[in-house]
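Asks: build me a model from this:
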Amino acid sequence: MRISADNDQSQTGLRKKWFWAASLVAGVVSFTVVGQLTRHAFTAMRTPSPAAIDETLQKAVNELKPSLPKRIDEVTTLVDVSHAGKQMTYVYEVDTHGRQIPSNFTAIARRELCRKYAVQE
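Replies: Residues are numbered from 1 along each chain as shown. The predicted model follows:
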């Protein structure tokens, strides 16, 4: 009877080990599957449709336009805003106080602003 009791304890211990091993594997598989499903769901939710983008940009234009012209600083005034597709366009007026603007001003401003704000030219 002693051999049978030891054998039962051995099998019970083995079953417990298999139970925990199977539980661990099931947990890892479940975590992986849920993670993949969640990632795909959130990726799909984060990608707005073109209509949603258009609606959001139009809403921004509609909110900003009534407040124009809007003084930005002592020499700059925002005079218009519009959008086309995914591109917003802001039109500023700069008061030079009678000073001459260099002929390469646009190129310099574009280069410096694009570099500063990491925007593609």
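
Asks: and this structure, what are its domain boundaries?
Replies: Listed domain ranges for the chain are 1-47, 50-117 (source: automatic domain parsing).

Asks: tell me the mean pLDDT over the longest one?
Replies: The one in question is domain 50-117. What domain 50-117 shows for mean pLDDT is 87.

Asks: straight-line length of it, end to end?
Replies: 25 Å (C-alpha to C-alpha, to the nearest Å).

Asks: please identify the most buried of the domains of the chain.
Replies: Greatest average neighbour count among the domains of the chain goes to domain 50-117 (a mean of 11), per mean count of other C-beta atoms under 10 Å. Any C-beta I mention is one placed from the backbone N, CA and C, and that applies to glycine too.

Asks: for the protein, what spans make up the strands?
Replies: 70-71, 76-84, 87-94 (DSSP state E).

Asks: TSV for the ones you listed, including distance to Val33?
Replies: Below are those laid out as TSV (distance: least, C-beta to C-beta, whole Å):
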stretch	distance to Val33
strand 70-71	52
strand 76-84	41
strand 87-94	40
